[in-house]
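>>> The following comprises the amino acid sequence and a computationally predicted model.
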Amino acid sequence: MTAARSIGGTILEVDAVSLAFGGVKALTEVSFDVREHEIRAIIGPNGAGKSSMLNVINGVYRPQRGTITFRGVPRHGVNPYDAASSGIARTFQNIALFKGMSVLDNIMTGRNLRMKASFLEQAIWIGRARREELDNRARVEAIIDFLEIQHIRRTPVGRLAYGLQKRVELARALAAEPALLLLDEPMAGMNVEEKQDMCRFILDVNAEFGTTIVLIEHDMGVVMDICDRIVVLDYGRKIGDGAADEIRGNQAVIDAYLGVAH
Amino acid sequence: MQFFFEVLIGGLLSGVMYSLVALGFVLIYKASGVFNFAQGTMVFFAALTFVGLTEHGLSFWMALPATLVVMVLLGLAIERAVLRPLVNQPQISLFMATIGLSFLLEGLAQIVWGTSVRGLDIGVADEPIGWIADRFGLNISKFDLVAALIAAVLVAALAFFFSRTRIGRALRAVADDHQAALAVGIPLQQIWGIVWAVAGAVALVAGLLWGARNGVQFALTFVALKALPVLMLGGLESVPGAIVGGLIIGASEKLAEVYLGPMVGGGIEGWFPYVLALVVLLFRPEGLFGEKIIRRV
């Protein structure tokens, strides 16, 4: 696809992951891998387990069976905080921004793990705390420019239109300089123009920073256009895995999406 | 006119003391969405511990850090023992827990230090400052001025801390959305520990100043009631709101007492702040400085 980035080795390995809520099986023996610098999509009909999969990777849910290996380290009993510390950032399907805070402050929270000054240093605002605040502010301004949201920098997030909130959430996730970026339906509820913008940003992020991206999306056109490889889930099982062309011709996927005559 | 200014300045200075108490509430409410009913008791607990230590022969400058340590540890212990088990429970459960905590601390403080009323001397006399009286003809209490200065410095430091540092921002983020805060890598429990420890320290300062003014006794817990109209007026999650709210309440209650009081037979100082706060609530339900409630449908 793009010349600038070259897809590297495996960064995330999902191996035979099963997740159930009581008797409801959300995921059954799902395995796939994500390679460094690629854009990987997870698609599937409603209720296929896409968001559950993302929540497992991000540590919100703990799978009953199966292992997840991130950057060569198998993980056990992680929570979202651990996941964030290990370099996984995410956005949410229903936007989880800090609504009372300004766009700038929201994005600055994304830098939280990158800032090391102690409580006392911050309390008296000396040396490291001050320098750190300024350095990180500069990084955040670069991201703001990159995502073209300079004009709303000081606006409380709760006042912004939906499409812009989605963009701010992406900015907050990027601020963490993640090794792996999870996007849960980044284009849901957007109009065509906003979708095009978001596609462009996702491709730019991937090309510019080489960020590995896993995204969930309903819009098949979008997925086929911007993703390197696609995992297809249906009723919590993996029914397809491969590049866009392979998925297009996959009979199981066509059946899942269009229904099948019995 | 001179009398008017005397009343106004006296009111503003005592208003700063209200702000100080209100600040403790704001800190905890901002970070965890909990209205800490026990804040007044923490003020009492701090003052009583300080006095108790000085009675055991510690000097002022030894008792101060010792009490600070006690209050910080108390704050951390409350977070660990009371709040942490209640994560993700409804707000009302947390509120009820702080009511229980309030009774527990009241009892505990009096078991350890006894129930008698004590005086507290912080070495500043409650008398008019000579040179101001000479030059402007105004009687301003030295104690009030020093107390207000201490409170002002503390308030300014905290306001700065909240708006300009990583931990301050993390506090606001945690208050807004726990799940999102965790996902961006904010350690929830560490933040709560810090905020309760800081609230304990603020309670110490408030306890010393109010204890020196009113004597250290059980009634000190009712100081918290004076903070309620300040909070309603200023908004529960705003540090600047607590300051301005305190100033408005302090000044208006004194002025109302002096100028409106005689018309209704006096004694309106006690309830005037509440009426004022209610009137403000009619027009601005989030308070003067509270975060505006934006609801999308």
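Noted; the coordinates are in hand.

>>> for the helix or strand of chain B with the lowest mean pLDDT, which positions count as buried?
Using mean pLDDT, DSSP states H and E, helix B:130-136 stands out as the lowest-scoring helix or strand of chain B, at a mean of 74. Counting neighbours by 16 or more other CB atoms under 10 Å in any protein chain shown, one finds that helix B:130-136 has no buried residues. In this view, the C-beta of every residue, glycine as well, is placed from N, C-alpha and C.

>>> So what's the gap between that helix and the chain middle?
31 Å (CA atoms, centre = their mean, to the nearest Å).

>>> what comes into contact with the next helix or strand after it?
Note on helix B:130-136: by DSSP states H and E, the next helix or strand toward the C-terminus is helix B:142-164. Identification of contacts with helix B:142-164 by CB atoms under 8 Å, 6 or more residues apart in numbering or on different chains yields A:122-123, A:125, A:133, B:10, B:12-14, B:16-17, B:19-20, B:23, B:27, B:30, B:124-129, B:167-168, B:171-172, B:198, B:202, B:205, B:209, B:212-213, B:239-240, B:242-243.

>>> And stretch B:190-198, by the same measure?
Outside of stretch B:190-198, the residues within contact range by CB under 8 Å, 6+ apart are A:119, B:27-28, B:30-32, B:71-72, B:75-76, B:78-80, B:83-84, B:158, B:167, B:170-171, B:174.

>>> one more time with 6 Å, if that's ok
B:27, B:31-32, B:72, B:75-76, B:78-79, B:170-171, B:174 (CB atoms under 6 Å, 6 or more residues apart in numbering or on different chains).

>>> Go through that stretch and flag the buried ones.
Those would be B:191-198, for stretch B:190-198 by 16+ other CB under 10 Å.

>>> Mind telling me what element residue 174 is part of?
Picked chain A for this. helix A:162-175.

>>> To clarify, I was referring to chain B.
helix B:166-176.

>>> Can you pull out the low-pLDDT segments for the stretch 1-150 of chain B?
In the prediction, the stretch 1-150 of chain B carries no residues with pLDDT under 70.

>>> and it, which residues reach chain A?
With the criterion set to CB under 6 Å from any CB of the partner chain, the stretch 1-150 of chain B never comes near chain A.

>>> Start from the N-terminal end of the stretch 1-150 of chain B and give the helices.
B:2-32, B:39-55, B:60-78, B:91-113, B:130-136, B:142-164 (DSSP state H, counting those that start in this stretch).

>>> quick check: angle from the second one to helix B:60-78?
Pointing back at helix B:39-55 there. 140 degrees (axes from the mean of the first three to the mean of the last three CA atoms, to 10 degrees).

>>> now swap in the first one and tell me
Between helix B:2-32 and helix B:60-78, the angle comes out at 40 degrees (the same axes, to 10 degrees).

>>> returning to what we had before: can you tell me what sits against the helix holding B:Val174?
A:98, A:100-101, A:105, A:108-109, A:112, A:115, A:122, B:30-31, B:33, B:161-162, B:181, B:186, B:188, B:191.

>>> got it, and stretch A:14-28?
A:29-32, A:49, A:52, A:61, A:63-68, A:236-237.

>>> ok, 7 Å please
The contact list for stretch A:14-28 (CB atoms under 7 Å, 6 or more residues apart in numbering or on different chains) reads A:29-32, A:49, A:52-53, A:56, A:61, A:63-68, A:236-237.

>>> re earlier: reformat the contacts of stretch B:190-198 as JSON lines; add neighbour count.
Formatted as JSON lines, the contacts of stretch B:190-198 follow (neighbours: other CB atoms under 10 Å in any protein chain shown):
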{"residue": "B:Leu27", "neighbour count": "27"}
{"residue": "B:Ala31", "neighbour count": "26"}
{"residue": "B:Ser32", "neighbour count": "24"}
{"residue": "B:Val72", "neighbour count": "19"}
{"residue": "B:Gly75", "neighbour count": "24"}
{"residue": "B:Leu76", "neighbour count": "16"}
{"residue": "B:Ile78", "neighbour count": "26"}
{"residue": "B:Glu79", "neighbour count": "22"}
{"residue": "B:Ala170", "neighbour count": "24"}
{"residue": "B:Leu171", "neighbour count": "24"}
{"residue": "B:Val174", "neighbour count": "26"}
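
>>> Report the contact partners of residue 226.
No chain was given, so I picked chain A. A:Ile226 touches A:39, A:199, A:202-203, counting by CB under 7 Å, 6+ apart.

>>> think we crossed wires, I meant chain B
B:18, B:21.

>>> can you pull the pLDDT of it?
Looking at B:Lys226, its pLDDT is 82.

>>> just A:Met198 next, same as before
Looking at A:Met198, its pLDDT reads 92.

>>> Flag every residue of the stretch 1-150 of chain A that's near chain B.
Counting by CB under 7 Å from any CB of the partner chain, the residues of the stretch 1-150 of chain A lying close to chain B are A:58, A:80-81, A:84-85, A:90, A:96-101, A:105, A:108-110, A:112-113, A:115, A:117, A:119, A:122-123, A:129, A:133.

>>> Return a PyMOL selection command for the buried portion of those residues.
Applying 16+ other CB under 10 Å to the residues of the stretch 1-150 of chain A next to chain B leaves a buried subset, and the PyMOL line that selects it is:
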select buried, chain A and resi 58+80+81+84+90+96+97+98+99+100+101+105+108+109+110+112+113+115+117+119+122+123+129+133
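
>>> Leaving out chain neighbours, which residue sits closest to A:Gly189?
A:Tyr162 (6.0 Å; CB to CB, 6 or more residues apart in numbering or on different chains).

>>> what do you get for B:Gly119?
B:Gly215 (5.8 Å).

>>> Confirm for me that B:Leu12 is in contact with B:Ser252.
No: counting by CB atoms under 7 Å, B:Leu12 does not reach B:Ser252; the two are 10.1 Å apart.

>>> what helix or strand does A:Asp82 sit in?
According to DSSP H and E, A:Asp82 maps onto helix A:80-85.

>>> Sorry, wrong one. I was asking about B:Val198.
Going by DSSP H and E, B:Val198 is in helix B:188-214.

>>> quick one: the helix or strand that that helix is followed by to helix B:39-55, angle?
For helix B:188-214, the following helix or strand on the C-terminal side (DSSP H and E) is helix B:223-234. Relative orientation of helix B:223-234 versus helix B:39-55 (the same axes, to 10 degrees): 140 degrees.

>>> Could you tell me how far helix B:223-234 lies from the centre of the chain?
That offset, for helix B:223-234, works out to 9 Å (CA atoms, centre = their mean).

>>> Tell me which residues of that helix come out buried.
B:223-224, B:226-234.

>>> which stretches of chain A have low pLDDT?
A:1-5, A:117-121, A:123-127, A:260-262.

>>> any chance you could map the helices in it?
For chain A, applying DSSP state H gives helices covering A:50-57, A:80-85, A:103-109, A:119-124, A:127-146, A:162-175, A:192-209, A:220-226, A:244-248, A:251-258.

>>> ok, now which ones touch B:Ile243?
Contacts of B:Ile243 (CB under 7 Å, 6+ apart): B:19, B:155.

>>> Secondary structure element for it, which one?
helix B:239-255.

>>> pull the CA atoms of that helix into PDB?
What follows is helix B:239-255, C-alpha atoms only, in PDB (Å, rounded to 0.1, in the frame of the first residue of the first chain):
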ATOM      1  CA  VAL B 239     -11.900  25.800  43.500                       C
ATOM      2  CA  PRO B 240     -12.400  29.500  42.400                       C
ATOM      3  CA  GLY B 241     -16.100  29.000  43.200                       C
ATOM      4  CA  ALA B 242     -15.300  28.100  46.800                       C
ATOM      5  CA  ILE B 243     -13.200  31.200  47.200                       C
ATOM      6  CA  VAL B 244     -15.700  33.700  45.600                       C
ATOM      7  CA  GLY B 245     -18.600  31.900  47.300                       C
ATOM      8  CA  GLY B 246     -16.900  32.200  50.600                       C
ATOM      9  CA  LEU B 247     -16.300  35.900  50.100                       C
ATOM     10  CA  ILE B 248     -19.900  36.600  49.000                       C
ATOM     11  CA  ILE B 249     -21.300  34.600  51.900                       C
ATOM     12  CA  GLY B 250     -19.000  36.200  54.500                       C
ATOM     13  CA  ALA B 251     -19.600  39.700  53.300                       C
ATOM     14  CA  SER B 252     -23.300  39.400  52.700                       C
ATOM     15  CA  GLU B 253     -24.100  37.800  56.100                       C
ATOM     16  CA  LYS B 254     -22.300  40.400  58.000                       C
ATOM     17  CA  LEU B 255     -23.800  43.300  56.000                       C
END
